[in-house]
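J.: Prediction below, plus the sequence it came from.
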Amino acid sequence: MYEAVILQHPTIKATAIHDDLTLVGPPDDLLPAYSTMVTLSQRLGLQVQPAKCQFVYFHDQTTPLSSTVHSFLTQNHIPLKQKSAIILGAPIGATIQDIEDLATATLKDQMQVLQSLLHDAMPIQEAILLLRISSTHKLDYLLRCVPPAAMKTLAAKFDQQLMDTFIKKTGIQSQLDRADVDSIPILTQITMPVSDGGGFGLTRAQDTMHIAYVSSMAATIQSGRSIQAFASYNTTNHILPDSSALHQQLTESLAIVHQQISSDDNDDEVKDNDVDSDPQSNSVSKLLPITAIDFVASFNQSITHARHSAYDLQDRLTSKAQAKVKHASLSAAKEAARSHKSTDTLTTHSRMLATTAPSAGTWISATAFDAATTIPNDAYKLAVRLRLGLPPQDIMPNNCHSCHLYSPQNLSLVEKNEWHHLTCMQGHGGREITIRHNQVVATIERFAKLAGATVVTEPKNLFSESSKRPDLQIIMNHKNYLLDVTVVHPTAPSNLTHSQKILGQAQAAEKLKMNKYEQISIEQHATFIPFVIETYGGLGKKAQDFLNELSIFAIDHAMIKSRFNIVNGLRYSIACSVQRGNALIASAGYANALRVFRDRT
């Protein structure tokens, strides 16, 4: 049918995607082409639905449609679109304003989804997952199909509503309203990637709309079906006209994207943090042309011969832009820590490093499949506050009840360190910290058994000349591992020296554990693993290595679950267990800290 329409009506161009057929040509020539399509459909036992068709014509003011066309459309009940229309899910229009109006109407239902996430029955953990993963799919499509000029206002409005939803759901508005809190770094952190950016992955549409647009244009120009359409502009004799809307939009978008991804020549750290390890890909000039004319010429070739590749371009550009923002934030925090060397600046730098450590964002990506990967609402709110550098409660006491009992002095430990209770082993503190530790040990034991390993908890009489007992003995074939688990808090005042680098405190804790167990473990022909986890979720190097070993072992020995489910389940379960444990400690510490005031009154 598609070929027949083209053959019988040479002035008509047709594009078919699945069961959608778009005919383009002179208005009066489209009428017989439509009739031919109806006739051919009937022969195949199909029926064209006029109500689902549309006649799109944006030139009625300069070249009005003939009475024949109007009569035909009326008789066949085909809607006439003279301002804007939806083609394959993307709005097109006579003017930028027309496109913007239709895009706004298209996105209205997605805006309503954000409101539904605020319902009390929606758990915070699942709401944040949906907010990050499933609430922007329609917007993401529009950003690739609609010129940024028509998306600017809508993108800003959506970004604001997305951020408002996160703030209301996690209950941090009261902190952002404080006069002594700079909200800009906090809001910026929320928009950063989860895995290595220390954020929550709520990427701003305003930051990606130009990247999405040029990436989509690159893919279109380089597509096998579009190369010939743009080939006429791929010569020095017939370049893309400066006055064309495409040239103007490409020029503006390319300038903005280059500003987002470009770095100083001596900015080595940005390059080191870049996820793309290909030196040619890292070069901005190799990644994206600078001018609109070069853009068309560079991408208007098959991918095997092109100077630039459109493959995965949006991800590569986005990664570079986010790496630049991350580097700027870390550099500012590092410089402040170096110049001022105050507890506040050192703590901020340590926290920012800790939130970007390997596995520090695993708990944010965890889905509540079972109790092990579920974080209750109150615990999730505290985890968010810890990650963003906010206090556990809006109104904090200045002292710790447990420490108050052991010292007659007013130490003001909570006032100096609002998360003091995460490391307080005095009195009640040791109880909750021990519970967190035991939950992590139990999680490792459970998944190691699922992987097919033999596991002994706190093995007794293991060493002939010592009564020391590691938390776990895990035997995988001929390998005998001894694990001792510890959770460390990088931003505790006593840990700030080590934590001025990523996993610095975890590395220091590994060294202490190695000094304690390594030699006697070697004597027993066992490999000792200091399994260190930071309160922000980062896993120490030795812990990461062990999980890799367990993953390999599970390939041939796991019977109930797949290797993927076991290893990833263990990672998610540990991450959630630590955050639940942090919340248990912080909540109990807060309740006990209030006793200082009650005792005095």
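T.: In hand now; what should we look at?
J.: Can you read off the pLDDT for the spatially most central residue of the chain?
T.: Computing the C-alpha centroid of the chain and ranking residues by C-alpha atoms, centre = their mean puts residue 201 first, at 3.1 Å. Looking at residue 201, its pLDDT stands at 95.
J.: residues in contact with it?
T.: By C-beta atoms under 8 Å, 6 or more residues apart in numbering, the contact set of residue 201 is 132, 192-194, 364. Yep, even glycine has a C-beta here, placed from its N, CA and C like the rest.
J.: and these as a markdown table, adding secondary structure and pLDDT?
T.: What follows is the contacts of residue 201, written out as a markdown table (DSSP: H, G, I helix; E, B strand; the rest coil; pLDDT from 0 to 100):
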| residue | secondary structure | pLDDT |
| --- | --- | --- |
| 132 | helix | 92 |
| 192 | coil | 95 |
| 193 | coil | 95 |
| 194 | helix | 95 |
| 364 | helix | 97 |
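J.: and which of those is nearest residue 87?
T.: Taking C-beta to C-beta as the measure, residue 87 lies nearest residue 132 of the contacts of residue 201, at 29.2 Å.
J.: Grab the nearest non-local neighbour of the closest one.
T.: Excluding the flanking residues, the one nearest residue 132 by C-beta to C-beta, 6 or more residues apart in numbering is residue 201, at 4.5 Å.
J.: And for residue 520?
T.: residue 463 (4.8 Å).
J.: thought the one you found was touching residue 517?
T.: No: counting by C-beta atoms under 8 Å, residue 517 is not a contact partner of residue 463; they are 9.1 Å apart.
J.: Which one's more surrounded, those two?
T.: Higher neighbour count among residue 463 and residue 517: residue 517, with 22 against 18, using other C-beta atoms under 10 Å.
J.: wait, is the more buried one part of a helix?
T.: Yes: when classified by DSSP: H, G, I helix; E, B strand; the rest coil, residue 517 is found to be part of a helix.
J.: From what I see, it and residue 528 are in contact.
T.: Yes: between residue 517 and residue 528 there is a contact at 4.6 Å, judged by C-beta under 8 Å.
J.: Mutual contacts of those two, please.
T.: Taking C-beta under 8 Å, 6+ apart as the criterion, residue 517 and residue 528 both touch 470, 482, 484.
J.: List just the nearest of the residues you listed to residue 241.
T.: Ranked by distance to residue 241 (C-beta to C-beta), these are led by residue 484 at 70.1 Å.
J.: quick one: buried residues of stretch 150-164?
T.: For stretch 150-164, the neighbour count (16 or more other C-beta atoms under 10 Å) marks 150-152, 154-155, 158-159, 162-163 as buried.
J.: quick one on the thing from earlier: of all the shared contacts of residue 517 and residue 528, the one with the weakest confidence?
T.: residue 470 (91).
J.: my read is that residue is in a helix, agree?
T.: No: looking at residue 470 with three-state DSSP, it is coil, so not inside a helix.
J.: rewinding a little: who does the residue nearest to residue 520 form a beta bridge with?
T.: As for beta bridges, residue 463 partners with residue 466 under DSSP bridges.
J.: mind listing the helices in the stretch 501-601 of the chain by residue range?
T.: Under the criterion DSSP state H, counting those that start in this stretch, the stretch 501-601 of the chain carries helices at the ranges 504-523, 541-557, 563-600.
J.: right, and the ones you listed - which one's nearest residue 46?
T.: Closest to residue 46 of the helices of the stretch 501-601 of the chain, according to C-beta to C-beta: helix 563-600, at 43.9 Å.
J.: Against which helices or strands is that closest one packed?
T.: Here helix 563-600 touches helix 362-365, helix 377-388, helix 401-406, helix 429-450, helix 541-557, going by 3 or more C-beta pairs under 8 Å, 6 or more residues apart in numbering; DSSP states H and E.
J.: Same question for that helix: list its buried residues.
T.: Those would be 563, 566-590, 592-593, 595-596, for helix 563-600 by 16+ other C-beta under 10 Å.
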